[in-house]
Structures are given as structure tokens and as C-alpha cells.
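> Okay, sequence plus prediction incoming.
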Amino acid sequence: MVSEEEKKKLFEELNKHKEKANALRKDISELNSTKENWFNQKRSVSQEINELSKKVRELRNKRNNLTKYVKDAKEKRKKLNDDLKKKRDELKKTASEKKEIQKKLGIKEDPSNILKEIEELEFKIETEAMPFSKEQKVMKIIAEKKKILKQCKDVSAVFDKIQDASRNVDKIKDKADETHRKIQQKAEDSQKHHEDLIEFSKELRDLKTKEEDFLKKFVDSKNKYNEINDILKKELDIMNGIKESLGVIKEKETEAKRGEMAKKLKMSEKTVEEKIKKRQKLTTEDLLVFQAKELKAENKNKAPAKNKQKEKKSVKKKE
């Protein structure tokens, strides 16, 4: 039989482990809150990273598209400038040819201007009433100008060529200027996107550093949580072992008490039987003992009868 001192030690040890388990549960609860807090912060930063990464990708694509546009436009502008230089050289050459022919023929005016003057003088004669002498003078001027214009036939093709070349130069120059303006605008847009990209990329790096920090703290908390949880499990196993030992002790004590009570009851029954035989007066306690004995005997007799009824039912079922 286990002594009271040993039982006391077991209860003390059980209480000690209970206190330790409660403290561990408190630590686990705090660590779980800390762990979840770090996880939630990490998740929040991860969402920011995803959103910012999307912006960075969009900005990078826009910047790259603008950069490509500027590169292609510069090549186009270079080609236009080359064409412009070529056309200007052709224009200069044609202008030189014009001067040589004008010098050779003594023509100082542009044929188109002479033709315009002839048309104006002819319109004047047709619409204005003027003296015959004045009209003769005007007709003489028209004749002289027509003579000059006839001489200009050799250079008219050169003048047309100059005009066409001049129009081409102006057209190419307009295209080159427009392309240059677009290049400047797109280059500015590309630079702005590039600066935004640098800023967002730096912010993205900072967020990733923060995410790694939160993740590390979460993992550390989780490891500590698991470590203390394992210690708690061991403490609970120890407590269950002690409780099991105390349960065995209690069961043995209960059995011992029952045996002792049965022994005392048997002795009491003998005492009551002796008193009955000797016709002595029975006490209230003696009467209770006697009634318990009678009830015990009655239950004992009833048990076989019940068993016989069960056997009969069993036989009927088999039949």
C-alpha cells in the first residue's frame, strides 16, 4: 500500500506540472498572437508587393515601348534629314542652272511673274477706257514682255523643277520637324516613366526587405511556438502518468475499504445472529445490518431465477 507521504509527493508533483503547463499555455497563447500578427503583416506587405510589381511591369512596358518609338523615330528623322539634304543640294544645283540660263539669255525676271504682268496688262486694256496712244504704249509693253517670255521657254522647265524641288524640300522639312517634335514629347514621357520606374523599384525593394523581415519573425515565432508546444505535450504526458498512478492508488484504496467494510459487515452479521439466538435486544444498527443481510440473500435468490427466464427465452428463440 502506498503511504500518505508518497501520495502527498505525487499530488505536489502534479500541482507543480499543472502550474508549469498553465504557464506554457499562456506563453503559447501569446506566441500564437505574435505569430499571427507577423503573418498578417507579411501577407499585407505581399499584397502591396503584388500590386506594385504590376505597376512596375506596366511602367516598364510603357517605357520600353516609348524608347522603341523614339529609336525608330530617330532613324526615320535621320532618313528625312538625309532626304532633305539631298533635295536641298538638288535645289541649289537647279538654282545655279537657272542663274546660268538667265545670265546667258539676259533674263532677270521670273517667267511666272512676267506672265502674271502680261495677264494684268491685258485685263487692264479690256476693262479700262484709255486713250488710243496710251493703249498703244501698253500693247507695246505687252509685246516686249511676250518676247521675253518666249525667250524664257528654255528656262521654264528649270523654273518648274525649282518649284517642285522647293515644294519637296518644304514637305520633307515639315515631316522632319513633326517627327522631331514627337521624338521630344515621347522622349520626355519615356524619361518620366523611367524616373517613376526607378522610384517604384526602390519602393519595391524596400517592401521585399520588409516582407523578408516579417517572414523571418513569423518563422522564428512559429518555431518557438512549436518548441513550447512540444514541452507542453511532455508536461501533459507526465501529468497523465501521475494522474494514472493516483487513479490506481485510489482504486486500490477503494478496494481495500470495500474489503474492510465487507469484513466488518460479516462480523456485524455474526454478532446480530448471536443476539438473535440468545434473544437479546437488537439496536437500530443491528436492525440495519439484519435488513442488509436479508436484502442480500433476496437478491442472491432472484439472480438464478432471472438467469432461468433468460435461458427459457433463449430456447424459445432457437425453436
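Arrived safely. Numbers count the residues shown, from 1 in each chain.

> any idea which helix or strand carries the most centrally placed residue in the chain?
Residue closest to the mean C-alpha point of the chain, counted by CA atoms, centre = their mean, is Asn50 at 2.8 Å. Using DSSP states H and E, Asn50 falls within helix 4-105.

> Pull the distance from that helix to the chain's centre.
Here helix 4-105 is found 12 Å from its chain centre; the criterion is CA atoms, centre = their mean, to the nearest Å.

> which helices and strands sit right next to that helix?
helix 153-277 (3 or more CB pairs under 8 Å, 6 or more residues apart in numbering; DSSP states H and E). In short, each C-beta sits where N, CA and C put it, glycine included.

> State the mean pLDDT of the helix it packs on.
For helix 153-277, mean pLDDT is 84.

> From the contact counts, what lies against that helix?
Using 3+ CB pairs under 8 Å, 6+ apart, helix 153-277 is in contact with helix 4-105, helix 111-127, helix 284-318.

> Domain ranges for this protein, per the record?
As given by automatic domain parsing, the domain ranges for the chain are 1-98+166-266, 281-319.

> Could you say which of those is packed most deeply?
domain 1-98+166-266 (a mean of 14; mean count of other CB atoms under 10 Å).

> gap between Glu100 and Lys93?
Distance, Glu100 to Lys93, using CB to CB, to the nearest Å: 11 Å.

> who touches both of these two?
Listed as contacting both Glu100 and Lys93 by CB atoms under 8 Å, 6 or more residues apart in numbering is no residue at all.

> what about Ser133, which helix or strand?
helix 132-151.

> Just the CA coordinates for that helix, please, in PDB.
The C-alpha coordinates for helix 132-151 follow below in PDB (Å, rounded to 0.1, in the frame of the first residue of the first chain):
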ATOM      1  CA  PHE A 132      -5.500 105.200-128.100                       C
ATOM      2  CA  SER A 133      -2.000 106.500-127.500                       C
ATOM      3  CA  LYS A 134      -1.800 105.000-124.000                       C
ATOM      4  CA  GLU A 135      -3.300 101.700-125.300                       C
ATOM      5  CA  GLN A 136      -0.600 101.600-127.900                       C
ATOM      6  CA  LYS A 137       2.100 102.000-125.300                       C
ATOM      7  CA  VAL A 138       0.500  99.200-123.200                       C
ATOM      8  CA  MET A 139       0.300  96.900-126.200                       C
ATOM      9  CA  LYS A 140       4.000  97.700-126.900                       C
ATOM     10  CA  ILE A 141       4.900  96.700-123.300                       C
ATOM     11  CA  ILE A 142       2.900  93.500-123.600                       C
ATOM     12  CA  ALA A 143       4.600  92.600-126.900                       C
ATOM     13  CA  GLU A 144       8.100  93.200-125.300                       C
ATOM     14  CA  LYS A 145       7.100  91.100-122.300                       C
ATOM     15  CA  LYS A 146       5.800  88.300-124.500                       C
ATOM     16  CA  LYS A 147       9.100  88.400-126.400                       C
ATOM     17  CA  ILE A 148      10.900  88.000-123.200                       C
ATOM     18  CA  LEU A 149       8.500  85.200-122.100                       C
ATOM     19  CA  LYS A 150       9.200  83.400-125.400                       C
ATOM     20  CA  GLN A 151      12.900  83.500-124.600                       C
END
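
> which other helices and strands contact it?
Against helix 132-151 (3+ CB pairs under 8 Å, 6+ apart) you get helix 111-127.

> Just the angle for the helix it packs on relative to helix 153-277, thanks.
Between helix 111-127 and helix 153-277, the angle comes out at 110 degrees (axes from the mean of the first three to the mean of the last three CA atoms, to 10 degrees).
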